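Engineer: Please find the sequence and the predicted model below.
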Amino acid sequence: MKALGDEVLAEVERFVRRHEAAQNALVLEHVASASEGLGAGPLCAAVGQALGVGGELSRGVALAVALTEVASAALRSLDPEAERGGGQVQAKHGLPLALNSADALFGLAHVALSEIESSEGGRRPGLAAAFDTLALGVWEALAAGDARGALGRMAGELAGRAAGKDEATVAALGRFGAAVSEAAAGETSRLGSARAALEGTNLSQGEREALSALLR
């Protein structure tokens, strides 16, 4: 998974450099700050590969998830009381610019999703609407203190939608992604929940085995 994480992070940096967002230099600082903790983006790519999603589509959806993940990490690092410190970008540039550049990352996630949806072979009905709903869940979870499960759900559900799975299977893949993300954060008891999420789904034996391999 680390190699996949490095690949997704490199794609995030290339994408940010290719698109001039607000405070682009600061956006890149957020990306650098998140380099050690990227998990949902690589997970989305891995689930997509397990489901047989094509390379361009898999990379594009994983990129949107990774940009949302970096935006989440950037927002989590900010402190409304400047005297208490805050993240690296805030410490160097102040809270308003740090907040604006964190928001720009979410805007870039929308751009990434729009680009993949408009490409040949990348069109999937409802993908953008699902992304917005899942992103709202991420922000709500972030406000509550921990967005890892919500980001994992986004990774699983978007990979499932990219693979053209039915709604019940997409929801199960969201539960799978959430449990995998929480297990990776130290809640190893969640591995059982990840396995249970795959039961009774409309997945082939090969897909189920490939997804189960992500739990090892």
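Structural biologist: Here it is on my side, so go on. Numbering: from 1, shown residues only.
Engineer: C-alpha only now, for contacts and for neighbours.
Structural biologist: Fine.
Engineer: the helices in the protein, which residues?
Structural biologist: Shown for the chain, the helices assigned by DSSP state H span residues 2-18, 24-33, 40-50, 55-77, 88-93, 95-118, 127-144, 148-162, 167-184, 190-197, 205-212.
Engineer: Outside of the helix or strand bottoming out on mean pLDDT in the chain itself, list whatever touches it.
Structural biologist: Between all helices and strands in the chain, the lowest mean by mean pLDDT, DSSP states H and E belongs to helix 88-93, at a mean of 77. When contacts are defined by Cα atoms under 8 Å, 6 or more residues apart in numbering, helix 88-93 is touched by residues 26, 29, 30, 33, 78, 85, 97, 98, 99.
Engineer: And that helix, what's buried?
Structural biologist: When neighbours are counted by 16 or more other Cα atoms under 10 Å, the buried residues of helix 88-93 are found to be 88, 89, 90, 91.
Engineer: just those residues now: which is nearest residue 63?
Structural biologist: Within the buried residues of helix 88-93, the smallest distance to residue 63 is 21.9 Å, found for residue 89 (Cα to Cα).
Engineer: For residue 141, grab the count of nearby residues.
Structural biologist: 17 (other Cα atoms under 10 Å).
Engineer: My error: substitute residue 216 in the last question.
Structural biologist: The number of residues near residue 216, taken as other Cα under 10 Å, comes to 6.
Engineer: What does the pLDDT read for it?
Structural biologist: In the prediction, the pLDDT value recorded for residue 216 is 82.
Engineer: Including neighbour count and pLDDT, could the contacts of helix 88-93 go into JSON lines?
Structural biologist: Rendered in JSON lines, the data for those read as follows (neighbours: other Cα atoms under 10 Å; pLDDT from 0 to 100):
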{"residue": "26", "neighbour count": "23", "pLDDT": "85"}
{"residue": "29", "neighbour count": "17", "pLDDT": "86"}
{"residue": "30", "neighbour count": "25", "pLDDT": "86"}
{"residue": "33", "neighbour count": "17", "pLDDT": "82"}
{"residue": "78", "neighbour count": "23", "pLDDT": "79"}
{"residue": "85", "neighbour count": "15", "pLDDT": "50"}
{"residue": "97", "neighbour count": "17", "pLDDT": "84"}
{"residue": "98", "neighbour count": "27", "pLDDT": "80"}
{"residue": "99", "neighbour count": "20", "pLDDT": "85"}
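Engineer: which one among those gets closest to residue 61?
Structural biologist: Within the contacts of helix 88-93, distances to residue 61 taken as Cα to Cα reach their minimum at residue 30, with 20.0 Å.
Engineer: how much space between the residue most central in space within the chain and residue 197?
Structural biologist: Residue closest to the average C-alpha location in the chain (Cα atoms, centre = their mean): residue 65, at 2.7 Å. Relative to residue 197, residue 65 is positioned 21 Å away (criterion: Cα to Cα, to the nearest Å).
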